[in-house]
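**Student:** Would you be able to build a 3D model of this:
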Amino acid sequence: MPEVTWLLSKLTDPRSIIDILVVTVILFWVLWVAQGTRATQVLRGAIILLVLAYVLATTFSLTTLDWILHRLYPALLFAIPVIFQPEIRRALEQLGHTGTWLRNIPATDVAIQERMVDEVVRAAAQLARLRFGALMVIERETGLQDYADRGVQIDAYLTRQLLINIFYPNSPLHDAAALIRGDRIVAASVVLPLTDNVSAEGQLGTRHRAAIGVTEDSDALAVIVSEETGQISVAHNGRLIRNLDQDRLRRVLRSLLRIDRPESSGTSANGRRPLTQRAASMARGERDRKTSARTPGQTV
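**Tutor:** Residues are numbered from 1 along each chain as shown. Presented below is the predicted three-dimensional model:
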């Protein structure tokens, strides 16, 4: 009870409130940067281990364990930059580019996501029919600009024709991945990290291993078209969904991207009618106004 009274007395100082807010923002930013990467699991495991060790040391008065914990805290200052080097580097790069972290916020425009899914699905289906190998990576919350910088910058409007041209055999850009961000193709010929999963290495080709590898390091989605079999697969969270046709691929991508389109109500996720219905309604209203404006002698 005295500790609570002391804590409440400190909160009357504006500097204490500002101090708490600053620490909260820093922790939120660190968690946001680590979201969707393997650093989240590492951070969660480290916190659980430290809390468990501290509880054991204080509850049972374990002197040796308590001594180790007190000596361990300074070592974390050196261990954290080593363990989380990729995430820290990505976060500092985002801060160095003005407004980059704002652009990495997930797109809320459902229409853009639906068009992106439609173009990717149609391109994958045609590439599968032609037996053209392809690897298309859809960026989500985790930024993949590091990989895009190592590829060929395109920054072009996403169309299935462009995707098919990119993966046309013997073209200069066909032999790696195409990175998609929203309704843009950011880069092509992007080299991705291969998975460390030993069991996957023996039975999968380089495209599939690269797709699994990039989804292990981020929350991205990867659509793979096998050059040998023409089969379509989707990699997500280090796992592979195989043997997809055009309809199943569309459903899988819409589900993973959380695109909600009510079929029966005729309304979109934001409560509005679809654009085609609104446009048809406006056209009918325009025709009605023109018809009422005509004189009785005019013919329709």
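**Student:** C-alpha only now, for contacts and for neighbours.
**Tutor:** OK.
**Student:** mind giving me the domain ranges of this structure?
**Tutor:** The chain resolves into domains spanning 2-103, 110-256 when parsed by automatic domain parsing.
**Student:** Out of the ones you listed, which one sits most buried?
**Tutor:** The densest packing among those, expressed as mean neighbour count by mean count of other CA atoms under 10 Å, is seen in domain 110-256 with a mean of 19.
**Student:** Now that one: average pLDDT?
**Tutor:** pLDDT averaged over domain 110-256 equals 91, rounded to a whole number.
**Student:** What distance do you get for the residue nearest to Ala220 when sequence neighbours are not counted to Ile185?
**Tutor:** Nearest residue to Ala220, sequence neighbours excluded (CA to CA, 6 or more residues apart in numbering): Glu139, at 4.9 Å. Taking CA to CA, to the nearest Å as the criterion, Glu139 is separated from Ile185 by 10 Å.
**Student:** which neighbours do those two share?
**Tutor:** Common contacts of Glu139 and Ile185 (CA atoms under 8 Å, 6 or more residues apart in numbering): Leu179.
**Student:** In contact with the residue nearest to Ala220, which residues?
**Tutor:** By CA under 8 Å, 6+ apart, the neighbours of Glu139 are Leu179, Ile180, Arg181, Gly182, Asp219, Ala220, Leu221.
**Student:** just these now: which is nearest Gln161?
**Tutor:** Taking CA to CA as the measure, Gln161 sits nearest to Ile180 out of those, at 14.3 Å.
**Student:** partner residues bridging the closest one?
**Tutor:** The partner list for Ile180 in beta bridges (DSSP bridges) reads Ile138, Ile185.
**Student:** OK, contacts around it?
**Tutor:** Shown in contact with Ile180 (CA under 8 Å, 6+ apart): Met136, Val137, Ile138, Glu139, Leu158, Val186, Ala187.
**Student:** How about Gly182?
**Tutor:** Neighbours of Gly182 in contact, by CA under 8 Å, 6+ apart: Ala107, Ile112, Gln113, Met116, Ile138, Glu139.
**Student:** ok, of the residues you listed, which one's closest to Gly205?
**Tutor:** Minimum distance to Gly205 across the contacts of Gly182 is 19.9 Å, recorded for Ile138 (CA to CA).
**Student:** can you tell me how far the closest one sits from Val51?
**Tutor:** With the distance defined as CA to CA, Ile138 ends up 37 Å from Val51.
**Student:** what's the answer for Leu244, then?
**Tutor:** Taking CA to CA as the measure, Leu244 falls 44 Å from Val51.
**Student:** same question, Leu144
**Tutor:** Noted for Leu144: a distance of 33 Å to Val51, by CA to CA.
**Student:** How about Leu69?
**Tutor:** Leu69 sits 10 Å away from Val51, going by CA to CA.
**Student:** do the same with Arg15
**Tutor:** 29 Å.
**Student:** residues contacting Leu11?
**Tutor:** Taking CA under 8 Å, 6+ apart as the contact definition, Leu11 lies against Ile17.
**Student:** try 10 Å this time
**Tutor:** With contacts defined as CA atoms under 10 Å, 6 or more residues apart in numbering, the neighbours of Leu11 are Ile17, Ile18, Ile20.
**Student:** Return the residues in contact with the second one.
**Tutor:** Residues touching Ile18, when contacts are defined by CA under 10 Å, 6+ apart, comprise Leu11, Thr24.
**Student:** pLDDT score assigned to it?
**Tutor:** Residue-level confidence at Ile18 comes out at 87, pLDDT.
**Student:** repeat for the one 5 residues further on
**Tutor:** pLDDT, the model's per-residue confidence, is 86 for Val23.
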